[in-house]
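A.B. asks: From the sequence below, what's the structure:
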Amino acid sequence: MKLDIVNLDNKNVGSIELADSVFAAEVRTDVLDRVVNWQLANRRAGTHKTKTIAEVSGTTKKPYKQKGTGNARQGSLRATQFRGGGIVFGPVVRSHEQDLPKKIRQLGMCCALSAKAKEGKLVVVDDLKLAQIKTKDLVSKMKKMGLESTLFIGGAELDKNFCLSANNIYDVDVLPAQGANVYDILRRDTLVLTKEAVEKLEARLK
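C.D. replies: Here you go, the predicted model:
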């Protein structure tokens, strides 16, 4: 699969041959669904917690005598039916992590990259570098390229000027090649890769 390489001024500066096994694989939505669910589950903190009757602060005294009041019998004001009482079957601190085979994770990445290539929303650039930290300059360059909701993936090290310029742009993310993941690729409309990022992704997924 052959694709043109452009620069940030949207001028053609060459072409690149993309590996079909990585960028032209069958797009399986079931695999993408599994990988995205796995990512989002592993991201959860799991620190949600409610207090049980044993943990609620309060007296242990019986509210009133068992019989003769005309009310339902009660043993504690910390019981679940009272305001400020304990919670039954509430969330507890736990891990939400899931296991997913490495082959499925790799297949998910191939499916995500192939989906962008199939939709014509994959762009390869020579590099992601700016002469100065200027958000306005990056916005104008993105307009020239017809980019809005975009994920930029660079090489092992990102250009500081580019990252800081992209920080305040809505719907724009910048990641190094080693941080590329299925969820971030799918949540943005266009995927922009550098030549170095393509090489690293192919080496990682072949």
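
A.B. asks: where exactly do the helices run in the chain?
C.D. replies: Taking DSSP state H, the helices of the chain run over residues 20-23, 29-43, 102-118, 135-145, 160-166, 182-187, 195-205.

A.B. asks: what would the ones you listed look like in TSV with mean neighbour count and mean pLDDT?
C.D. replies: Any C-beta I mention is one placed from the backbone N, CA and C, and that applies to glycine too. Listed next are the helices of the chain as TSV, based on neighbours: other C-beta atoms under 10 Å; pLDDT from 0 to 100:
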stretch	mean neighbour count	mean pLDDT
helix 20-23	17	94
helix 29-43	15	97
helix 102-118	19	97
helix 135-145	15	95
helix 160-166	17	96
helix 182-187	18	97
helix 195-205	18	95
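
A.B. asks: Would you reformat these as JSON lines and include distance to Asn10?
C.D. replies: Compiled in JSON lines, the helices of the chain are given as follows (distance: least, C-beta to C-beta, whole Å):
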{"stretch": "helix 20-23", "distance to Asn10": "21"}
{"stretch": "helix 29-43", "distance to Asn10": "30"}
{"stretch": "helix 102-118", "distance to Asn10": "18"}
{"stretch": "helix 135-145", "distance to Asn10": "5"}
{"stretch": "helix 160-166", "distance to Asn10": "16"}
{"stretch": "helix 182-187", "distance to Asn10": "22"}
{"stretch": "helix 195-205", "distance to Asn10": "16"}
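
A.B. asks: Out of those helices, the one nearest Gly85 is which?
C.D. replies: In terms of C-beta to C-beta, the element of the helices of the chain nearest to Gly85 is helix 29-43, at 31.4 Å.

A.B. asks: name the helices or strands packed onto the closest one?
C.D. replies: Contacting helix 29-43 under the criterion 3 or more C-beta pairs under 8 Å, 6 or more residues apart in numbering; DSSP states H and E are the following elements: helix 102-118, helix 182-187.

A.B. asks: So what touches it?
C.D. replies: 96-98, 100, 104-105, 107-109, 111-112, 115, 181-183, 186 (C-beta atoms under 8 Å, 6 or more residues apart in numbering).

A.B. asks: who's in contact with the closest residue to Val93 other than its chain neighbours?
C.D. replies: Once flanking residues are discounted, Val93 sits nearest to Lys49: 5.3 Å by C-beta to C-beta, 6 or more residues apart in numbering. Residues touching Lys49, when contacts are defined by C-beta under 8 Å, 6+ apart, comprise Gly90, Pro91, Val92, Val93.

A.B. asks: residues near the third one, how many?
C.D. replies: The criterion is other C-beta atoms under 10 Å. On that basis, Val92 has 10 neighbouring residues.

A.B. asks: separation between it and Thr80?
C.D. replies: 16 Å (C-beta to C-beta, to the nearest Å).

A.B. asks: still on that earlier bit, distance to Leu147 added to the helices and strands packed on helix 29-43, as JSON lines?
C.D. replies: Output for the helices and strands packed on helix 29-43, formatted as JSON lines (distance: least, C-beta to C-beta, whole Å):
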{"stretch": "helix 102-118", "distance to Leu147": "13"}
{"stretch": "helix 182-187", "distance to Leu147": "15"}
